[in-house]
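>>> Using only what follows, build the 3D model:
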Amino acid sequence: MGPIAGWPAHRGAEESLKVIRSVFSAPEQYAICLKPEDKPIGAVGLLLRGQTDKTDREDECELGYWLGRPFWGRGIMPEAVREILRHAFVDLAMKKVWIGYYSGNNKSKRVIEKCGFTYQRTDEAADVPLLHEKRTVHVYAMTGEEWAARSV
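Next up is the predicted model:
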């Protein structure tokens, strides 16, 4: 699943542990766990100013996520995205949350649409730094006002 999301597949447990310690332990990054077992199956998080190329504003951030393949299609990711949006708009007072997906990542596209993000633009030949290539990225956003209207 990594390459479709823009990052290389891990080559072993040591590399996975390094990513967990550096990327998934950053501020505003959260594990997604199955409720009955408290077993981590994915992650959801917010990239704040300086961590994203989508915005340079203090009151805007980018949302990212991943979910282990055995758990796809169960409604887990939309639930996690809805909660991280609540956190972004209520707890962190964000004005806008950005999100994007690369062409071909239809699972991510479906979550974005299901959660009510508004299409903003398509960037051809966007840099994919971890894979050293360029791809088409589709960019969406949601404002705090849009979120509030959906959450009533």
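>>> rest of the way, CA atoms for contacts and neighbours
Fine.
>>> Quick one: the strands in the chain, in order.
Assigned by DSSP state E, the strands in the chain fall at 29-34, 39-47, 60-67, 96-102, 118-128, 133-143.
>>> Adding mean pLDDT, distance to Glu14 and mean neighbour count, write those out as CSV.
CSV is the format used below for the strands of the chain (pLDDT from 0 to 100; distance: least, C-alpha to C-alpha, whole Å; neighbours: other C-alpha atoms under 10 Å):
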stretch, mean pLDDT, distance to Glu14, mean neighbour count
strand 29-34, 90, 19, 17
strand 39-47, 90, 18, 19
strand 60-67, 93, 19, 21
strand 96-102, 95, 27, 23
strand 118-128, 91, 23, 14
strand 133-143, 93, 25, 18
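>>> Of all those, which one is nearest Lys109?
Among the strands of the chain, the nearest to Lys109 by C-alpha to C-alpha is strand 96-102 (6.5 Å).
>>> The residue positioned nearest the centre of the chain and Asp38: what is the separation?
The centre of the chain sits closest to Gly64, judged by C-alpha atoms, centre = their mean, with a distance of 1.3 Å. Going from Gly64 to Asp38 by C-alpha to C-alpha, to the nearest Å gives 21 Å.
>>> Torsion angles phi and psi at Leu92?
Note on Leu92: its backbone torsions stand at phi -100, psi -10 [degrees, to the nearest 10].
>>> Who are the contact partners of it?
With contact set as C-alpha atoms under 8 Å, 6 or more residues apart in numbering, Leu92 has no partners.
>>> That one and Asp56, how far apart?
From Leu92 across to Asp56, the span is 16 Å (C-alpha to C-alpha).
>>> do the same with Asn105
Relative to Asp56, and taking C-alpha to C-alpha, Asn105 is found at 26 Å.
>>> Can you tell me the number of residues neighbouring Arg110?
11 (other C-alpha atoms under 10 Å).
>>> same thing with Arg74?
9.
>>> thinking again about what came up before, put together JSON lines for the strands of the chain, with distance to Gly75 on each row.
Output for those, formatted as JSON lines (distance: least, C-alpha to C-alpha, whole Å):
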{"stretch": "strand 29-34", "distance to Gly75": "12"}
{"stretch": "strand 39-47", "distance to Gly75": "13"}
{"stretch": "strand 60-67", "distance to Gly75": "11"}
{"stretch": "strand 96-102", "distance to Gly75": "18"}
{"stretch": "strand 118-128", "distance to Gly75": "20"}
{"stretch": "strand 133-143", "distance to Gly75": "20"}
